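Colleague: What follows is a predicted protein model with its sequence.
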Amino acid sequence: SSGLDGGRIRVNANGVPMPGCYQIPVAGTWIGANAGGKIVYADGTTGAKVPAEGETVDVTVTSSVTRPCSGLTVNGADYGFDRAGIVRIPAADIAAAGGLDLVPETIASTDWYVDAVNGNDANNGFFPGKAKKKLVEVFKLGTLLAGDTVHAAAGTYRDGDMEPAFVNSAPSTIHSRVVVPDGVTLVADEGPAATVIEGSSPNGSGNRFSADAIRCASVCAKGILKGFTILGGQTMDNATADKTVNGGQDDGCGGGVLAASGGTVVGCVITNCCACRGGGASGNGAKYVSTEFRCNSASATSSAAYYGEYFGCFLDGNANAGGQVVRYCAGLHNCTVTANNPGGYFQEFIDKRMIANSIVQIRVHIQKGASVTVTNTVYSSFGGTDCGTPIDAGGNVAGVSTADPSTWGWLAWERPPEGTAWDE
């Protein structure tokens, strides 16, 4: 009989096979052995193979795999998957193993891919070249874990919807194009200029505030939405919102984004969205970082956003009949608030919070009895029209006097140094 390399098995003078080690030239041999016990080759066979010189062994991920991996470790050497999800192991590397079993171990990955232009929902979403097409097709899999990142290629994501069954204690009946789970990041790799999540009213037309309204995104606790233009999302109005869901607050709140406490929106442009409350966004305990709120509207209150804390944000051109730009604001840090609807104001600024390093061109109303610290902030008029009383004296403003604005001593805002963390 023969050995694995096709050569004869060595025997001693008595015809007994020789155990132990000896040195002879052998061809490289691939013996499939993984956690499932074998590698299945493209021709359907299993077991040992001897690749020819210059040949490669290609390994691909099958459709039965539920988590992404970035490559394989084979006998201590790492081989990465390419964009199409293929690992190529040269015959020379196999030969160098001297006929040993080559046992591949997966290198775990936390990256998923979606591509509105070139993706295909039949793909596994593990690699850029195997991206899914719709956001919902990645997020509905149920296999995303905290720490995962979903990369969205440039394009407009306007298909599919999901039910955001997370907000406060009850689900919202208004669906979203995507629901970002706890601890998961959804990032637009090419930024908001090239990547759009589009709701059901991208041009501000159609049946706004209706039961078939679709907001752009919902973000769960510790979830992150990063780098998108959020366009044309909408909700029900308060008259038709589901009253069994937190008094109708969720079905009528957050046209562009609805965020749970601890959810974060980073580097987005939220525009042309509408809701009953929080035309652009809504989220008690949510944070908005380096995000622009432009030209959003609300039928009741909070044209830009409802609740939330703001870091390095820009609020401009948002309008609603009540005049409130943000209600229940939990803090402004390094923000610019300008040219929103005339008479616009922050309503019921939350107790023990801060306005810092900002330019504010609207009135700030503080909750009765609340205490708010204002520091290094410029307050000015817009369009040549005086804004009225900058700080409503219904609350207490620490460190400044509401009676004599000349004593406030607020300074012009300067952009923080490059690389400064958003919460510094």
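Modeller: Done, it's in. Numbers count the residues shown, from 1 in each chain.
Colleague: partners of the host helix or strand of Leu72 in the sheet?
Modeller: Assigned by DSSP states H and E, Leu72 falls within strand 69-74. If you go by DSSP bridges, strand 69-74 pairs up with strand 77-80 (antiparallel), strand 104-108 (antiparallel).
Colleague: Could you point out which residue ranges in the stretch 301-424 of the chain have low pLDDT?
Modeller: 321-322, 339-345, 347-348, 367-370, 380-424 (pLDDT under 70).
Colleague: Correction: the previous question concerned the stretch 151-300 of the chain.
Modeller: Low-confidence segments of the stretch 151-300 of the chain, defined by pLDDT under 70: 164-172, 202-211, 237-249.
Colleague: May I see the buried residues of the strand holding Leu72?
Modeller: 69-72, 74 (16 or more other CB atoms under 10 Å). All C-beta spots, glycine's among them, are computed from the backbone N, C-alpha and C.
Colleague: tell me the least confident of the residues you listed?
Modeller: By pLDDT, Val74 ranks lowest within the buried residues of strand 69-74, coming in at 67.
Colleague: Let me see the residues that make contact with stretch 315-322.
Modeller: For stretch 315-322, the external contacting residues (CB atoms under 8 Å, 6 or more residues apart in numbering) are 279-280, 292-304, 325-326, 335-341, 344.
Colleague: Name the nearest residue to Tyr79, sequence neighbours excluded.
Modeller: Closest residue to Tyr79 apart from its sequence neighbours, by CB to CB, 6 or more residues apart in numbering: Val87 at 4.7 Å.
Colleague: Hmm, the one you found is touching Ala77, no?
Modeller: No - at 11.1 Å, Val87 does not count as touching Ala77 under the criterion of CB atoms under 8 Å.
Colleague: These two: which has the busier surroundings?
Modeller: Shown here are Val87 and Ala77; by other CB atoms under 10 Å, Val87 has more neighbours (22 against 12).
Colleague: Neighbouring strands of the helix or strand that contains the more buried one in the sheet, and parallel or not?
Modeller: In this assignment (DSSP H and E), Val87 forms part of strand 86-90. Partner strands and pairing direction for strand 86-90 (DSSP bridges) are strand 56-60 (antiparallel).
Colleague: picking up where we left off before, so which bits of the strand holding Val87 are buried?
Modeller: Of the residues in strand 86-90, 87, 89-90 count as buried by neighbour count, 16+ other CB under 10 Å.
Colleague: Then stretch 272-290?
Modeller: So stretch 272-290, judged by 16+ other CB under 10 Å, has buried residues 272-284, 286-290.
Colleague: go on, stretch 175-190?
Modeller: The neighbour-count criterion (16+ other CB under 10 Å) identifies 175-189 as the buried residues of stretch 175-190.
Colleague: before we move on, the earlier item: just the buried ones from the contacts of stretch 315-322?
Modeller: Neighbour-count burial within the contacts of stretch 315-322 applies to 279-280, 292-304, 325-326, 335-338, 340-341, 344; the criterion is 16+ other CB under 10 Å.
Colleague: quick one, what contacts Asp78?
Modeller: If a contact means CB under 8 Å, 6+ apart, then Asp78 has 71-72, 107 as its contacts.
Colleague: what about the closest residue to Ala153 other than its chain neighbours, distance to Thr195?
Modeller: Counting by CB to CB, 6+ apart, Ala153 lies nearest to Asp115, which is 4.0 Å off, once chain neighbours are set aside. Distance, Asp115 to Thr195, by CB to CB, to the nearest Å: 10 Å.
Colleague: where do the contact lists of those two overlap?
Modeller: Residues touching both Asp115 and Thr195 by CB under 8 Å, 6+ apart: 152-153, 155.
Colleague: May I ask which of these has the most neighbours?
Modeller: Ala152 (28 neighbours).
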